[in-house]
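Enquirer: structure for the following, please:
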Amino acid sequence: MATTKQLPREQWHEYFDAFTKRFLTDPNPEAADIEIVSPELGDQIEAEFVRVIGITYDHKDNVLEVALENVDHLIYHPKEIWVVEEDNGFVSSIEVVRDDDTREIIRLRSVGIQPAAK
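Expert: Below you'll find the predicted structure:
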């Protein structure tokens with residue numbers, strides 16, 4: 001059964017580095033959908049079904065970086081991060097609340113075994 005939890009700020013860097021090493025560096029690719037929910041602009045889809053390379057938090061610049069194939073998605077000044085963790089530790093959803101109360105929702109899923117290079 002999936003568990004929803006808020007991550008303490010002091011764990012953000014270590015948590016996402018460990019998640020990336022465990023789940024995003026294997027040959028089984030994961031894809032992300034990114035939705036931005038803004039009080040001023042409403043809901044907007046930022047990315048759909050884009051391969052995820054890694055996720056990291058830089059405390060010095062206060063930015064969460066979602067490295068996607070061919071582009072990086074940067075979330076500046078997060079004040080809260082919530083995750084939905086599956087039983088095996090895979091994070092299927094990340095909700096980031098920015099300091100202006102905009103929410104960014106990142107939905108992750110495994111997309112299957114990547115074909116061998118020819």
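Enquirer: going by C-alpha atoms from here, please, whenever you check contacts or count neighbours.
Expert: Fine.
Enquirer: so how far does stretch 15-28 reach from one end to the other?
Expert: End-to-end distance for stretch 15-28, by Cα to Cα, to the nearest Å: 20 Å.
Enquirer: same check, this time on stretch 63-77
Expert: Span of stretch 63-77 from end to end, Cα to Cα: 6 Å.
Enquirer: buried set for it?
Expert: 63-68, 75-77 (16 or more other Cα atoms under 10 Å).
Enquirer: show me which pair in those is furthest apart.
Expert: L68 and H77 (19.5 Å; Cα to Cα).
Enquirer: follow-up on the earlier one: any idea which of the buried residues of stretch 63-77 is closest to P27?
Expert: Using Cα to Cα, these come closest to P27 at L68, 15.4 Å.
Enquirer: show me what contacts that closest one?
Expert: 50-54 (Cα atoms under 8 Å, 6 or more residues apart in numbering).
Enquirer: go again using 6 Å as the cut-off
Expert: Residues in contact with L68, defined by Cα atoms under 6 Å, 6 or more residues apart in numbering, are 51-53.
Enquirer: what of D99?
Expert: Shown in contact with D99 (Cα under 6 Å, 6+ apart): 77-79.
Enquirer: how close does it get to E46?
Expert: 19 Å.
Enquirer: can you check F23 too?
Expert: For F23 relative to E46 (Cα to Cα), the value is 23 Å.
Enquirer: tell me which of the two has more neighbours.
Expert: Taking other Cα atoms under 10 Å, F23 and E46 do not tie; F23 has more neighbours (18 against 13).
Enquirer: give me the three-state assignment for the more buried one.
Expert: helix (DSSP: H, G, I helix; E, B strand; the rest coil).
Enquirer: and the pLDDT at the residue nearest to it when sequence neighbours are not counted?
Expert: Spatial nearest neighbour of F23, chain neighbours left out: F90 (7.0 Å); criterion: Cα to Cα, 6 or more residues apart in numbering. At F90, the model reports a pLDDT of 95.
Enquirer: and for F90, the neighbour number?
Expert: A count of nearby residues for F90, using other Cα under 10 Å, gives 19.
Enquirer: bridged to the nearest residue to G42 once chain neighbours are set aside, which residues?
Expert: Residue nearest to G42 in three dimensions, not counting chain neighbours: I36, with 7.9 Å by Cα to Cα, 6+ apart. When assigned by DSSP bridges, I36 has beta-bridge partners Q44, E104.
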